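[1] The sequence and its predicted three-dimensional model are supplied below.
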Amino acid sequence: MLIGILQTGHMPDALIGETGDYSAMFERLFSGHGFTFRTWNVVDGAFPESPDTCDGWLITGSRHGAYEDHDWIPPLEDLIRAIAASSRPMVGICFGHQIIAQALGGKVEKFRGGWSVGRQIYDFGDTELALNAWHQDQVVELPEGAQVIAESEFCKNAAMVIGSSILTVQPHPEFRADVIEGLIEHRSAAVPPALVDEARANVAKPTDNDELADRMAAFLKKGAK
């Protein structure tokens, strides 16, 4: 099964040598699930020809806001709507979660409650999963037909499904401890120091990245044509 990765941002240059870019982290996360991958750097203006180019799609995180004025965001929203209409499976993570919601009629904004960074607990109804987060923006209004499937104390709309072909999550299952450590060092200037200290204190605690990866992989495979 060919998964198209729509890369909407890049990791800091200081981290790429150790962690890889977003696309590399997702390829590592889904190792063993039988996927092959092709990446388009949509953040740099590179787009696939059509939704039919791949069997399924994944939209990555980004340091950018879905509501910001970047010339690559409107064509990405058009592509999201085209993929949704094609019924090919699509998964979005963090910015991917937000831009899918926005493209389909929801609303994203800089959350007045501030930041969520590091290890957080998310209630998926049937279980609680510990996952790493790094965001200030949130989906504050759902698109039509969306069903919330996970929440945390800080993030009410932490994961959603739309129909049978779209799954999105706010946290980052591709972020291991070394990624959080790197972000603390290189991208935490805007984060309140108390939250940075808490993230640093929890960085070695286990996460359920593999469990969420299994769920996302199963969703992609079930929705594939």
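    Received, thanks. What you see is a predicted model; the values in this text were computed from it and never measured.

[2] Asp78 - that's part of a helix, no?
    Yes. Counting by DSSP: H, G, I helix; E, B strand; the rest coil, Asp78 is located in a helix.

[3] could you check the distance from the closest residue to it other than its chain neighbours over to Ser164?
    Leaving aside its chain neighbours, Asp78 sits nearest to Ala103 (8.0 Å; criterion: Cβ to Cβ, 6 or more residues apart in numbering). C-beta here means a position set from N, CA and C on the backbone, and glycine is covered the same way. Ala103 is 18 Å from Ser164, where distance means Cβ to Cβ, to the nearest Å.

[4] Tell me which of these two has more neighbours.
    Comparing Ala103 with Ser164 by neighbour count (other Cβ atoms under 10 Å), the higher total belongs to Ala103, at 23 against 11.

[5] List the contacts of the more buried one.
    Each residue near Ala103 by Cβ atoms under 8 Å, 6 or more residues apart in numbering is listed here: Leu76, Glu77, Asp78, Ile80, Arg81.

[6] The fourth one and Glu68: what is the separation?
    Here Ile80 is placed at a distance of 16 Å from Glu68 (Cβ to Cβ).

[7] Out of those two, name the residue with the larger neighbour count.
    Legend: neighbour count by other Cβ under 10 Å for Ile80 and Glu68, higher for Ile80 (24 against 9).

[8] how about the lowest-mean-pLDDT helix or strand in the chain as CSV, C-alpha atoms only?
    When each helix and strand of the chain is scored by mean pLDDT, DSSP states H and E, helix 13-19 comes last, with a mean of 90. The C-alpha trace of helix 13-19 is given here as CSV (Å, rounded to 0.1, in the frame of the first residue of the first chain):
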residue,chain,number,x,y,z
ASP,A,13,18.1,21.8,11.0
ALA,A,14,19.9,21.0,14.3
LEU,A,15,17.7,17.9,14.7
ILE,A,16,17.3,16.4,11.3
GLY,A,17,20.6,14.6,11.4
GLU,A,18,19.5,12.7,14.5
THR,A,19,15.7,12.4,14.2
